[in-house]
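1. Please find the sequence and the predicted model below.
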Amino acid sequence: DAGVIQSPRHEVTEMGQEVTLRCKPISGHDYLFWYRQTMMRGLELLIYFNNNVPIDDSGMPEDRFSAKMPNASFSTLKIQPSEPRDSAVYFCASSLGGFGNTIYFGEGSWLTVV
Amino acid sequence: GEDVEQSLFLSVREGDSSVINCTYTDSSSTYLYWYKQEPGAGLQLLTYIFSNMDMKQDQRLTVLLNKKDKHLSLRIADTQTGDSAIYFCAESGGAGSYQLTFGKGTKLSVIP
């Protein structure tokens, strides 16, 4: 079975540019999560969706960040404009809802903003 | 808010047992998880334990949960060089919560 698929795997961009990260969750999963990983703060939950609807975006750092899930098989995380402090690994994850939910992670998108 | 604490580094010799410890603060945690992250890769679920259990064994992995002390540990028997990675402890919130709170991870180095 295909796991969670993220693209791009690596992105280097200049400050001020728009960055779009993409995610395809595991087929049939109804929850999708976006996490950010940095050395300083570890893994932080940015936002999660249930059945394509954003449920909790309290982890989104600021208005420069936005996430969408137009259908059950695709989500985007957009940063506009990007800043050097946004450099991190961004993970998408998905799960099948219910107790004991096992969250499966993608391989991550490694973002560097210079 | 919820907090999960882990020591940052652990070094063991190949063939020895590794014990990675974790403490958490949310007493309503329903499930507790161990994830493994190899260099340049995403997080891989290793195992999880339901909060009404105190032990779970899965091949070389043993998870111990002390709910009173809010302490979780992962024991890896016969540690191999392939076990070198970062190990994350995570807890899910109480009923109805689908969020995980992660520790900062313990980097396990296995010395040949």
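-> Arrived safely, thanks for sending.
2. Per-residue pLDDT of B:Ser97, please?
-> Note on B:Ser97: pLDDT of 61.
3. what do you get for the one 10 residues further on?
-> Reported pLDDT at B:Lys107 in the predicted model: 96.
4. How about the contacts made by it?
-> B:Lys107 is in contact with B:8-10, B:85-86, counting by CB atoms under 8 Å, 6 or more residues apart in numbering or on different chains. No exception for glycine: its C-beta is placed from N, CA and C like everyone else's.
5. one more time with 6 Å, if that's ok
-> Contacts for B:Lys107 (CB atoms under 6 Å, 6 or more residues apart in numbering or on different chains) come out as B:9, B:86.
6. From B:Asp83, how far out is it?
-> For B:Lys107, the distance to B:Asp83 (CB to CB, to the nearest Å) stands at 12 Å.
7. What of B:Ile76?
-> Counting by CB to CB, the gap from B:Ile76 to B:Asp83 is 6 Å.
8. Compare those two (neighbour count), which wins?
-> Set B:Ile76 next to B:Asp83 and count neighbours by other CB atoms under 10 Å in any protein chain shown: B:Ile76 wins out with 23 against 19.
9. On the strand side of things, show who the more buried one bridges to.
-> Beta-bridge pairing for B:Ile76 (DSSP bridges): B:Ser18, B:Leu61.
10. can you pull the contacts of it?
-> Contacts for B:Ile76 (CB under 6 Å, 6+ apart) come out as B:18, B:60, B:83.
11. burial count for the closest residue to B:Arg75 other than its chain neighbours?
-> In space, and not counting its chain neighbours, B:Arg75 is closest to B:Thr62: 4.3 Å by CB to CB, 6 or more residues apart in numbering or on different chains. Look at B:Thr62: counted by other CB under 10 Å, it has 17 neighbours.
12. On the pLDDT front, check residue 67 for me.
-> This is for chain A. 98.
13. not what I meant, chain B
-> 91.
14. burial count for it?
-> B:Lys67 has 14 nearby residues by other CB under 10 Å.
15. Quick check: residues of chain A near chain B?
-> Contact residues (CB under 6 Å from any CB of the partner chain) of chain A with chain B: A:31, A:42-43, A:45, A:91, A:100-102, A:105-108.
16. okay, these in TSV with secondary structure next?
-> Shown next, in TSV, are the residues of chain A next to chain B (DSSP: H, G, I helix; E, B strand; the rest coil):
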residue	secondary structure
A:Tyr31	strand
A:Gly42	strand
A:Leu43	strand
A:Leu45	strand
A:Phe91	strand
A:Gly100	coil
A:Asn101	coil
A:Thr102	coil
A:Phe105	strand
A:Gly106	coil
A:Glu107	coil
A:Gly108	coil
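17. hang on, A:Thr76 packs against A:Lys68?
-> Yes: counting by CB atoms under 6 Å, A:Thr76 touches A:Lys68, with 5.3 Å between them.
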